[in-house]
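Participant: following is a predicted model, sequence given first.
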Amino acid sequence: MSEEELVDKILRSTSEGMTIAIDLYGGAVKKICMSILAGYQNEDVEEAVSDSFVALWKAIETGRYDRSVGIKYYLYGIARRTALNKKRELAKNQTTEDIDNVVRIADVDVEQEAMRKVEYQILNEMIMELGSPDKEIFLYRYYEQFTIKEIAAKLMITVKTVENKLTRGRARLKKKLLQCGVSL
């Protein structure tokens with residue numbers, strides 16, 4: 001089922017559409033919420049997951065959902081924001097005795113590290129969904145550290161084409177990441 005079909009299904013039959021959305025994206029949303037809410041109770045994570053899907057449903061129902069982003073990345077952004085808000089809410093309600101829960105291990109901020117991993121996962125998925133040869137260009141350039149000339153020779157395209165695809169691709173990825181709530 002395409003993302004467009006899923007959105008239409010949610011609009012037509014909310015219960016069925018949301019069940020499909022949960023089946024498709026529930027695992028990833030839970031992973032995002034768990035990484036942000038690490039150290040909190042499982043009920044808090046489950047609540048953030050549920051709130052994420054409710055927020056998706058409300059956005060679709062009210063017309064705030066931007067179809068150009070894609071439901072998957074839109075939902076991932078919602079999950080990220082929902083979990084962060086939940087974490088802030090829980091931190092506010094903690095007593096001062098729980099100050100040890102603000103964990104710093106060897107000067108590594110655990111929350112920042114978890115957020116970095118989630119953002120890396122979202123970016124990686126976006127790159128993997130790029131069409132050919134854009135995906136290969138990004139993989140060669142940023143994962144394998146090839147030069148632009150090496151990429152052009154490997155893919156048998158011009159250097160200028162590689163440069164243009166990198167520039168346009170970065171702009172598209174940046175726009176999608178900002179729409180998903182990933183701060184750059």
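Facilitator: Done, it's in.

Participant: would you map the strands across the protein?
Facilitator: Taking DSSP state E as the test, the strands found in the chain are 104-105, 108-109.

Participant: worst mean pLDDT among those strands?
Facilitator: Of all the strands of the chain, strand 104-105 carries the lowest average pLDDT, namely a mean of 48.

Participant: from Ile60, how far off is Asp66?
Facilitator: 11 Å (CB to CB, to the nearest Å). Yep, even glycine has a C-beta here, placed from its N, CA and C like the rest.

Participant: shaky segments in the protein?
Facilitator: 94-111, 181-184 (pLDDT under 70).

Participant: try 90 this time
Facilitator: 1-15, 17-18, 21, 25-28, 32-42, 56-78, 80-81, 84-135, 138-146, 169-184 (pLDDT under 90).

Participant: for it, just list every one of the helices.
Facilitator: Under the criterion DSSP state H, the chain carries helices at the ranges 3-12, 14-36, 42-62, 71-93, 110-128, 134-138, 148-155, 159-179.

Participant: can you lay out the ones you listed as a markdown table showing mean neighbour count?
Facilitator: Formatted as a markdown table, the helices of the chain follow (neighbours: other CB atoms under 10 Å):
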| stretch | mean neighbour count |
| --- | --- |
| helix 3-12 | 15 |
| helix 14-36 | 18 |
| helix 42-62 | 17 |
| helix 71-93 | 19 |
| helix 110-128 | 15 |
| helix 134-138 | 19 |
| helix 148-155 | 16 |
| helix 159-179 | 15 |
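
Participant: hang on, isn't Ile157 packed against Pro133?
Facilitator: Yes - here Ile157 reaches Pro133: they are 6.8 Å apart, a contact under CB atoms under 8 Å.
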